[in-house]
Structure formats: structure tokens, C-alpha cells
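In: all I have is the shape, not the residue letters:
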């Protein structure tokens, strides 16, 4: 998503909203969906998403309030 944001920014001055999911979903034998990307790995991309032009960042499938909290902490420091 980091590179996609950069390409979109080059094509528009409109606001960009970036809401990445937490990796590729997996389906268990019990029918439960899980995501592979842990919060520490997810959060390391937030600074580059903002530097590449994202005006709003959020989380999609597989993220939870902890992901959003960590994002907010990073954004506040920037």
C-alpha cells in the first residue's frame, strides 16, 4: 500500500484515505478467519504511508483497537 499511495498522490491533489488490512486472511478448519500481520509489523509502515501522501490512515480487516491506538501514537509523534 505504501507504493500505491505514492502513485495516487502523484495523480491527484485530493485527500487520500489509506486503510490497510492486517495481511492475507487465512481460514481455519473451524471456519475462523485470521490475519498474519502482527501490530508491530503493521505499524512500521505508517510513517511511510503518511510521507507518501496519505491524509487519513486507518485499519481494515484484521486490525483492532490496538492497531489504531499504535497508529495514533505514531501519528502524534510525527
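Out: Structure received. Note that the structure is predicted; figures quoted are calculated from it, not measured.
In: only C-alpha atoms for contact and neighbour calcs from this point on.
Out: Fine.
In: and the strands in the protein?
Out: Remark: strands assigned in the chain by DSSP state E are 17-20, 25-27, 33-35, 56-59.
In: among these, which is the most enclosed?
Out: Highest mean neighbour count of the strands of the chain: strand 17-20, a mean of 17 (counted as mean count of other C-alpha atoms under 10 Å).
In: for the strands of the chain, give me TSV that also has mean pLDDT and distance to residue 76.
Out: TSV is the format used below for these (pLDDT from 0 to 100; distance: least, C-alpha to C-alpha, whole Å):
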stretch	mean pLDDT	distance to residue 76
strand 17-20	94	17
strand 25-27	93	29
strand 33-35	92	26
strand 56-59	94	12
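In: next, format those strands as JSON lines and append distance to residue 69.
Out: Listed next are these as JSON lines, based on distance: least, C-alpha to C-alpha, whole Å:
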{"stretch": "strand 17-20", "distance to residue 69": "14"}
{"stretch": "strand 25-27", "distance to residue 69": "22"}
{"stretch": "strand 33-35", "distance to residue 69": "18"}
{"stretch": "strand 56-59", "distance to residue 69": "10"}
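In: nearest residue to the middle of this structure?
Out: residue 20 (3.4 Å; C-alpha atoms, centre = their mean).
In: and the nearest residue to residue 28 once chain neighbours are set aside, bridged to which residues?
Out: Excluding the flanking residues, the one nearest residue 28 by C-alpha to C-alpha, 6 or more residues apart in numbering is residue 34, at 7.8 Å. Residue 34 has these beta-bridge partners by DSSP bridges: residue 26.
In: again with residue 18
Out: Per DSSP bridges, the residues bridged to residue 18 are residue 57.
In: that one contacts residue 56, doesn't it?
Out: Yes: using C-alpha atoms under 8 Å, residue 18 is in contact with residue 56, at 6.2 Å.
In: do I have it right that the residue nearest to residue 28 meets residue 27?
Out: Yes: here residue 34 reaches residue 27: they are 6.6 Å apart, a contact under C-alpha under 8 Å.
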